[in-house]
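Colleague: coordinates only, no sequence provided:
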């Protein structure tokens, strides 16, 4: 079977792709603005929206090569969506130290003041296990092997952002 004109297709292209391993599809202009979970539910034959949302939370879906920040992320024409629900994933809570450069302004035994790069997630969640501030801080603190880490209290203080949740640092 081949998809109708204007319909997204999987690689290898098949209208009713089997959901084994990783499958990939491209968002077409007609699909732009759809929620990612709704887009996948419409394109994956026999997959419920609940199953798609679980896969999104568990890291079983990649949007342009990375886990999406939100289930409700809107897709854009040209986006690549990968369904990797059968792919091997790390155990929840296992965090790898990573050598990621940090701009540190102050550090002592109880506090570290740094500039978190825009777009960097603070801690692993929703299938995202690398490239986070926690990964960088574990490496900075001298950890060299994976560990189960509980995320502590991270506060956004005097960053100058427009989020409204800024608090003065003690």
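Modeller: Received it, and whenever you're ready, just let me know what you need. Predicted, not measured: the structure shown is a model, and the values here were computed from it.
Colleague: from now on I want contacts and neighbour counts done on CA atoms only, so please keep to that.
Modeller: OK.
Colleague: would you map the strands across this protein?
Modeller: Ranges of strands in the chain, per DSSP state E, are 23-26, 61-63, 80-83, 94-95, 103-107, 112-115, 147-148.
Colleague: ranking those strands by burial, who's on top?
Modeller: By mean neighbour count, with neighbours taken as mean count of other Cα atoms under 10 Å, strand 61-63 ranks first of those at a mean of 24.
Colleague: ok so, going back, TSV please, covering the strands of the chain and showing distance to residue 50 and mean pLDDT.
Modeller: As requested, those are arranged in TSV below (distance: least, Cα to Cα, whole Å; pLDDT from 0 to 100):
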stretch	distance to residue 50	mean pLDDT
strand 23-26	19	85
strand 61-63	13	89
strand 80-83	14	89
strand 94-95	25	77
strand 103-107	40	95
strand 112-115	37	93
strand 147-148	28	70
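Colleague: could I get the ones you listed as a markdown table with distance to residue 130?
Modeller: Output for those, formatted as a markdown table (distance: least, Cα to Cα, whole Å):
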| stretch | distance to residue 130 |
| --- | --- |
| strand 23-26 | 22 |
| strand 61-63 | 14 |
| strand 80-83 | 18 |
| strand 94-95 | 8 |
| strand 103-107 | 18 |
| strand 112-115 | 18 |
| strand 147-148 | 13 |
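Colleague: of the ones you listed, which is nearest residue 121?
Modeller: For these, proximity to residue 121 was assessed by Cα to Cα; strand 112-115 is nearest, at 12.6 Å.
Colleague: just checking, what packs against the closest one?
Modeller: Applying 3 or more Cα pairs under 8 Å, 6 or more residues apart in numbering; DSSP states H and E, one finds that strand 112-115 makes contact with strand 103-107.
Colleague: so what strands line up beside the strand it packs on?
Modeller: strand 112-115 (antiparallel) (DSSP bridges).
Colleague: re the thing from before, for the strands of the chain, which one sits closest to residue 123?
Modeller: Each of the strands of the chain has some distance to residue 123 by Cα to Cα; the shortest is strand 94-95, at 9.2 Å.
Colleague: which elements pack onto the closest one?
Modeller: Against strand 94-95 (3+ Cα pairs under 8 Å, 6+ apart) you get strand 147-148.
Colleague: which residues touch residue 143?
Modeller: Going by Cα atoms under 8 Å, 6 or more residues apart in numbering, residue 143 touches residue 97.
Colleague: can you tell me how far it is from residue 129?
Modeller: 16 Å (Cα to Cα, to the nearest Å).
Colleague: and residue 72, what does it touch?
Modeller: Listed by Cα under 8 Å, 6+ apart, the contact partners of residue 72 are 35, 36, 37.
Colleague: by neighbour count, which of those residues wins?
Modeller: Among these, residue 36 has the most neighbours (other Cα atoms under 10 Å), with 26 neighbours.
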